[in-house]
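Q: Pasting a predicted model and its sequence here:
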Amino acid sequence: MNFLRAVIVALVVIVGLSFVGCCGGSKETKETERVIVPQSTVPTLGKQLEDLEAAYKKGVITKEHNEAAKKKLLEQEAQPSK
């Protein structure tokens, strides 16, 4: 009878410790950094042109694509917004 009681107590302790291990029984808390980004972040025309030039210099886009994209951006800027 004492043996059975000791086994049950041991099992309860083992199961209890396993829950503490998987459920974060630690008192440590992790600090997180919150970054708030505006919903409508639209790069300026200058930034878009700089990004295009950087992509061209890195070889990501061809000269033709760079020129076509610049032209498109400048045409969009010249059109009145609706």
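A: Structure's in. What do you need?
Q: buried sites along stretch 73-82?
A: Residues of stretch 73-82 classed as buried: none (neighbour count, 16 or more other C-beta atoms under 10 Å). Yep, even glycine has a C-beta here, placed from its N, CA and C like the rest.
Q: give me phi/psi at Gln76?
A: phi -60, psi -40 (degrees, to the nearest 10).
Q: Report pLDDT for it.
A: Predicted confidence (pLDDT) for Gln76: 89.
Q: what's the answer for Val35, then?
A: Reported pLDDT for Val35: 76.
Q: Over to Thr41?
A: For Thr41, the model assigns a pLDDT of 76.
Q: ok, now Val60?
A: 95.
Q: Name the helix or strand for it, please.
A: Counting by DSSP states H and E, there is no helix or strand that carries Val60.
Q: Enumerate every residue touching the nearest residue to Ala69 once chain neighbours are set aside.
A: Leaving aside its sequence neighbours, Ala69 sits nearest to Leu52 (C-beta to C-beta, 6 or more residues apart in numbering; 5.4 Å). Contact partners of Leu52, counting by C-beta atoms under 8 Å, 6 or more residues apart in numbering, are Ile61, Asn66, Ala69, Lys70, Leu73.
Q: got any ranges where the protein has weak pLDDT?
A: 1, 7, 9-13, 15-30, 37-40, 81-82 (pLDDT under 70).
Q: ok, which stretches of the chain are helices?
A: Here the chain has its helices, by DSSP state H, at 2-22, 45-58, 63-78.
Q: nearest to Arg34, of these?
A: Closest approach to Arg34 among those (C-beta to C-beta): helix 45-58, 24.7 Å.
Q: Which residues in the closest one does the neighbour count mark as buried?
A: Gln48, Leu49, Leu52, Tyr56.
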